[in-house]
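Peer 1: Next comes the sequence, and after it the predicted model I'd like to discuss.
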Amino acid sequence: MDSKNSTKPKCIGVIGVGSFGTVIANILAAKNPVMVYARKQEVVDEINATHTAQGRAMNEEIIASSDPEKLCQSCDVLFFMVPSSGFQNVVRIFSPFLFPYHLIIHGTKGLCLNLKEGETLETVKKIKRSQILTMSEVILQETVAVRVGCLAGPNLSKELAQGQPAATVIASKYNEVILEGQSLLRSEKFQVYGNSDIIGVEISGVLKNIIAIAAGALAGLGLGENAKGLLISRGMVEMIHLGNALGGSIKSVMGLAGIGDLVTTCNSVHSRNYTVGYRLAKGDTLETILEDMDEVAEGINTVRIIKAFLETADLRAPITENLYRVLFEDLEIEEALQFLMKYPFNVDVDFV
Ligand SMILES: NC(=O)C1=CN([C@@H]2O[C@H](COP(=O)(O)OP(=O)(O)OC[C@H]3O[C@@H](n4cnc5c(N)ncnc54)[C@H](OP(=O)(O)O)[C@@H]3O)[C@@H](O)[C@H]2O)C=CC1
Ligand SMILES: O=C(CO)COP(=O)(O)O
């Protein structure tokens, strides 16, 4: 607990070395010593021996370990960069070694469920907000950490890895988390904004994945930019209403982590969520797509969670509801599109 007395410079920890974790570790390593955690020993050995993580280049100074205790002892600041499907497990593995002095920032754009033992989404079908956890809520529930933040924005890892300019948002209730995140990550090519509405920023990053799947589907159908403009604008309205119902502020959806990331993800073949929609429209089944993809597309699970939330919330989310039917109930994409074209979205702006 007296880590502050050590004279050795502390490392910054990164948990998860997939596409995003690797790129964030490299950005952090430009200014500070970095230690990364991978669960597989072969990945740890690869990083330490060849300075690559599953083929992706890593800064030569980065050290890898599969020992969570070592990470927690060596680092006061930890970036959790694992998909939502494994997030709670990973946090539980780290929890015994975390202290209140640790500062935790996560980059995960997904949701977890907070159900009773033995319950699943299939058995409960309807969920309330209290049965949904954002990743910051998982960290607060599972650990003694207090100073928690998230990292979200238009940050396609492939572009960041090429050194292309970009910006992100660090959101936290604690200004010191925002300031620390900015100081660690900011560079000439990477601008870092702050936001105190952590739930709004997390939810924005989560919800834009749903609209990105729909955007990929429109592109796969060969539809043009007018249709995309329609989708992005109605998608933003849906994100605002859902974000509000889930406890986020409208302002965050209007910011970089909301509309900024929405535009990027709805326009990029580098987005896994967009790719899922594109391939569905080209005739691939969800099963085939999931079998082929070795990276995560968070939007698929998010659609399931939001659909169950809509069963208890007093609002409609027509894009999400129709996408659910396409993904899980065999509705043809063309039929979903026709339904949306007939949907009475009569009022353009109904949220201000
Ligand atoms: N890629 C991108 O452009 C961006 C991604 N994000 C978000 O970042 C998160 C991670 O995405 P990304 O890096 O792309 O995902 P990837 O699929 O590329 O990598 C996931 C990484 O997490 C590790 N992991 C998964 N489950 C566990 C677990 N239970 N314990 C330990 N490690 C685990 C995997 O390790 P293993 O190899 O052992 O399975 C792998 O290294 C997602 O929520 C995504 O939405 C946010 C912004 C941009
Ligand atoms: O969130 C992202 C870019 O900001 C990455 O999107 P995908 O997960 O769809 O690849």
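Peer 2: Looks like it came in fine. None of these values were measured; they are calculated from a predicted model. Ligands and ions are numbered 1, 2, ... in the order given.
Peer 1: Quick check: residues of the stretch 1-150 of the chain near ligand 2?
Peer 2: Neighbours of ligand 2 within the stretch 1-150 of the chain, by C-beta under 6 Å from any ligand atom: K109. Backbone N, C-alpha and C define where each C-beta goes, glycine included.
Peer 1: pLDDT weak spots in the protein?
Peer 2: 1-8, 352 (pLDDT under 70).
Peer 1: okay, now the domains of it?
Peer 2: Domain ranges of the chain: 3-196, 200-342, per automatic domain parsing.
Peer 1: out of those domains, which comes closest to V349?
Peer 2: domain 200-342 (7.6 Å; C-beta to C-beta).
Peer 1: so, in contact with ligand 1 or not, that closest one?
Peer 2: Yes - interface with ligand 1: domain 200-342 contributes 295-296, 298 (C-beta under 6 Å from any ligand atom).
Peer 1: Buried among those? Make that a ChimeraX selection.
Peer 2: The buried residues among those can be selected in ChimeraX (16 or more other C-beta atoms under 10 Å) with this line:
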select :296,298
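Peer 1: Among the residues of domain 200-342 next to ligand 1, name the ones that also lie close to ligand 2.
Peer 2: Applying C-beta under 6 Å from any ligand atom to those, one finds that E298 fall near ligand 2.
Peer 1: got TSV for the residues of domain 200-342 next to ligand 1, with secondary structure too?
Peer 2: Formatted as TSV, those follow (DSSP: H, G, I helix; E, B strand; the rest coil):
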residue	secondary structure
E295	coil
V296	coil
E298	coil
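Peer 1: Of the residues of domain 200-342 next to ligand 1, just say which sits nearest to V347.
Peer 2: Closest approach between the residues of domain 200-342 next to ligand 1 and V347, by C-beta to C-beta: E298, at 30.1 Å.
Peer 1: Would you agree the closest one is in contact with S84?
Peer 2: Yes - between E298 and S84 there is a contact under C-beta atoms under 8 Å: 6.1 Å.
Peer 1: which neighbours do these two share?
Peer 2: 108-110 (C-beta atoms under 8 Å, 6 or more residues apart in numbering).
Peer 1: just these that are near ligand 1?
Peer 2: With C-beta under 6 Å from any ligand atom as the criterion, the shared contacts of E298 and S84 include 108-110 near ligand 1.
Peer 1: Would you show me how to pick out the buried ones of these in PyMOL?
Peer 2: A single PyMOL command selects the buried members of those (16+ other C-beta under 10 Å):
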select buried, resi 108+109+110
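Peer 1: Which residues of the stretch 1-150 of the chain lie near ligand 1?
Peer 2: 16-21, 39-40, 81-84, 86, 89-90, 107-110.
Peer 1: how does it look with 5 Å?
Peer 2: Counting by C-beta under 5 Å from any ligand atom, the stretch 1-150 of the chain comes close to ligand 1 at 16-20, 39-40, 82-83, 86, 89-90, 107-110.
Peer 1: ok, I62 - contacts?
Peer 2: The neighbours of I62, taking C-beta under 8 Å, 6+ apart as the test, are 25-26, 29, 34-36, 47, 51.
Peer 1: Restricted to strands, list those.
Peer 2: 34-36 (DSSP state E).
Peer 1: Of those residues, which is the most crowded?
Peer 2: Highest neighbour count within the ones in strands among the contacts of I62: V36, with 30 neighbours (other C-beta atoms under 10 Å).
Peer 1: nearest spatial neighbour of that residue, skipping sequence neighbours?
Peer 2: V14 (4.6 Å; C-beta to C-beta, 6 or more residues apart in numbering).
Peer 1: which element is the one you found on?
Peer 2: Element membership of V14, judged by DSSP states H and E, is strand 11-15.
Peer 1: For that strand, list every residue counted as buried.
Peer 2: Neighbour-count burial for strand 11-15 flags 11-15 (criterion: 16+ other C-beta under 10 Å).
Peer 1: Then stretch 185-199?
Peer 2: Buried residues in stretch 185-199 (16+ other C-beta under 10 Å): 185-186, 190-195, 197-199.
Peer 1: Repeat that for stretch 328-341.
Peer 2: Using 16+ other C-beta under 10 Å as the test for burial, stretch 328-341 gives 333, 336-337, 340.
Peer 1: Determine which two of those are furthest apart.
Peer 2: Spatially, the most separated pair among the buried residues of stretch 328-341 is I333 and L340, at 10.5 Å (C-beta to C-beta).
Peer 1: you'd agree K126 is up against A313?
Peer 2: No - using C-beta under 8 Å, K126 is not in contact with A313; the gap is 9.6 Å.
Peer 1: and the gap between G149 and L78?
Peer 2: Distance, G149 to L78, using C-beta to C-beta, to the nearest Å: 11 Å.
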